[in-house]
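Asker: Could you look at this predicted model? Sequence included:
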Amino acid sequence: MARDVTFGLWYDFRNPAQWRRPFSQLYDGCLDQIAQAESMGFGSVWLTEHHFCDDGYTPSPLVIAAAIGARTHAMRIGTNLMILPLHNPVRVAEDAATLSLLTHGRFDLGVGIGYREDEFRAFGRELKHRPSLIEEAIEIIRRGWAGEVVDFEGKRFSLKGQRISPQPHIAPRLLMGGMSEPAIDRAARIADGFLSTGGIGQDLYVTALERNGKRPDQGAIIAGHWAIISPDPALEAERVGPHVLYQANAYIRWGAFGPPETTPLFPDAKSAIENGLYELWDADTAVEKLGALMDAYPLIRDIHFWAQFPGEPIEQGQRRLDYIAEKVLPRL
């Protein structure tokens, strides 16, 4: 059965102290990997955002997106995701429009509501204002991309008689992520698609589209998948274990999966892999599981995987990408 699904890569550019390399070396290696991945059949790359992280978790995904655009020709480039309530919507609209023009319409803007109080405090925002911040920002961005003169007066933003430029020839898709039911409903209501993490909320999104009076073809699921695909999954688990444990526990400490004071850390890599969002697959299992996922959710338009875990050597992640490109992608 033919499916209109793109397969891609996900990057956070974390560079933890225990595996630290020069950041320029990390960026160069990942950009080389992305350019090569395009020639191997990967069709998308996704960038995420956080701030004030000792490990350098990228705070500047749009800058990196521009660098990727200069190194690729057909690959779609998106954010999964940017924390829109931290940003000025005019600035985001301008930068995203410029990226769309530079990449000839290959850029997608994926956003989320955020959850780290430290980030909101530093940017002069309040967590309790997140719903109005994100909804007002999206309204301004959409009007700006449409070429309208924007007159907007909201709770959080005010813009009087301004036209945002440049206007993109192809407006980026505006995608939205979230794991709570209100966030998923918001994605169905005002976004062009839903950024799912580890399969969480895909069923809720389909229901929310219907509840908001939308046809299935008016939505899309962009699936950030946490599968680790390798010819020897057990051996790969040993290789990536310390890096996976670091990643999983960092998100728990930040409160990504619930209040950090009541969400226990994983004690070791084995428990992180077995009880977290990760799945260990060989090629046959990947084809079976991903095929079933796409059959269950025809709205899926993209599935992407972590290309590199925090601190992992480039060549280690590259072995997985080579394997996926050779043994999985042609069969899907």
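Answerer: Great, that's in hand.
Asker: who does S158 bridge with?
Answerer: Per DSSP bridges, the residues bridged to S158 are E153.
Asker: can I assume it is in contact with F152?
Answerer: Yes: counting by CB atoms under 8 Å, S158 sits close enough to F152 to count as a contact (6.7 Å). In short, each C-beta sits where N, CA and C put it, glycine included.
Asker: So between those two, which is more surrounded?
Answerer: Regarding S158 and F152, a neighbour count based on other CB atoms under 10 Å identifies F152 as having more, with 17 against 11.
Asker: which residue packs closest to the more buried one, ignoring adjacent ones?
Answerer: Nearest non-adjacent residue to F152, counting by CB to CB, 6 or more residues apart in numbering: L159, 4.6 Å away.
Asker: same thing with E139?
Answerer: Using CB to CB, 6+ apart and skipping residues adjacent in sequence, the residue nearest E139 is F152, 6.8 Å away.
Asker: that older thread, so the residue nearest to F152 versus A93, what's the distance?
Answerer: Per CB to CB, to the nearest Å, L159 is found 10 Å from A93.
Asker: still on that earlier bit, just checking, the residue nearest to F152 touches I140?
Answerer: Yes: taking contacts as CB under 8 Å, L159 lies within contact range of I140: 6.2 Å.
Asker: Those two: who's more crowded?
Answerer: A count of neighbours by other CB under 10 Å puts I140 above the other of L159 and I140, at 23 against 18.
Asker: was I right about that one contacting P89?
Answerer: Yes: in this structure, I140 sits in contact with P89. The criterion is CB under 8 Å, and the distance is 4.2 Å.
Asker: Common neighbours of the two, please.
Answerer: F157 (CB atoms under 8 Å, 6 or more residues apart in numbering).
Asker: what's the burial count for A325?
Answerer: The local packing of A325 (other CB under 10 Å) involves 17 other residues.
Asker: In a helix, it, correct?
Answerer: Yes: assigned with DSSP: H, G, I helix; E, B strand; the rest coil, A325 falls within a helix.
Asker: residues in contact with it?
Answerer: Each residue near A325 by CB under 8 Å, 6+ apart is listed here: A37, M40, G41, F42.
Asker: Any stretches of the stretch 1-150 of the chain with poor pLDDT?
Answerer: Along the stretch 1-150 of the chain, the model assigns pLDDT under 70 to residues 1-2.
Asker: Swap in 90 and give it another go.
Answerer: Applying pLDDT under 90 to the stretch 1-150 of the chain flags residues 1-4.
Asker: Ok, the stretch 201-332 of the chain next?
Answerer: 216-217.
Asker: Now do the strands in it.
Answerer: Secondary structure of the stretch 201-332 of the chain, counting by DSSP state E, counting those that start in this stretch: strands at 221-225, 227-229, 279-281, 300-306.
Asker: which other helices and strands contact the longest one?
Answerer: For strand 300-306, the contact count by 3 or more CB pairs under 8 Å, 6 or more residues apart in numbering; DSSP states H and E identifies strand 6-11, strand 44-47, strand 221-225, helix 283-296 as packing neighbours.
Asker: Any idea which of these gets closest to A307?
Answerer: strand 6-11 (4.0 Å; CB to CB).
Asker: And that closest one, what's buried?
Answerer: Under the neighbour-count criterion of 16 or more other CB atoms under 10 Å, strand 6-11 has F7, G8, L9, W10, Y11 buried.
Asker: Need the residues that contact the helix or strand following that strand.
Answerer: Downstream of strand 6-11, the next assigned helix or strand under DSSP states H and E is helix 23-40. Here helix 23-40 makes contact (CB under 8 Å, 6+ apart) with 9, 11, 13, 15, 45, 56, 64, 67-68, 71-75, 307-308, 314, 317-318, 321-322, 325, 329.
Asker: what angle do helix 23-40 and strand 6-11 make?
Answerer: Per axes from the mean of the first three to the mean of the last three CA atoms, to 10 degrees, the angle that helix 23-40 makes with strand 6-11 is 170 degrees.
Asker: Go through the biggest helix by length in the chain and flag the buried ones.
Answerer: In the chain, with assignment by DSSP state H, the single longest helix is helix 233-254. Using 16+ other CB under 10 Å as the test for burial, helix 233-254 gives 233, 236-237, 239-252, 254.
Asker: about what we covered before: among the strands of the stretch 201-332 of the chain, show me which one is buried the most.
Answerer: Among those, strand 221-225 has the highest mean neighbour count (mean count of other CB atoms under 10 Å), at a mean of 26.
Asker: Give me the residues contacting stretch 139-150.
Answerer: Contact partners of stretch 139-150, identified using CB under 8 Å, 6+ apart, comprise 89-90, 92-94, 96-97, 109, 152, 154, 157, 159, 161-164, 167-168, 171-172, 174.
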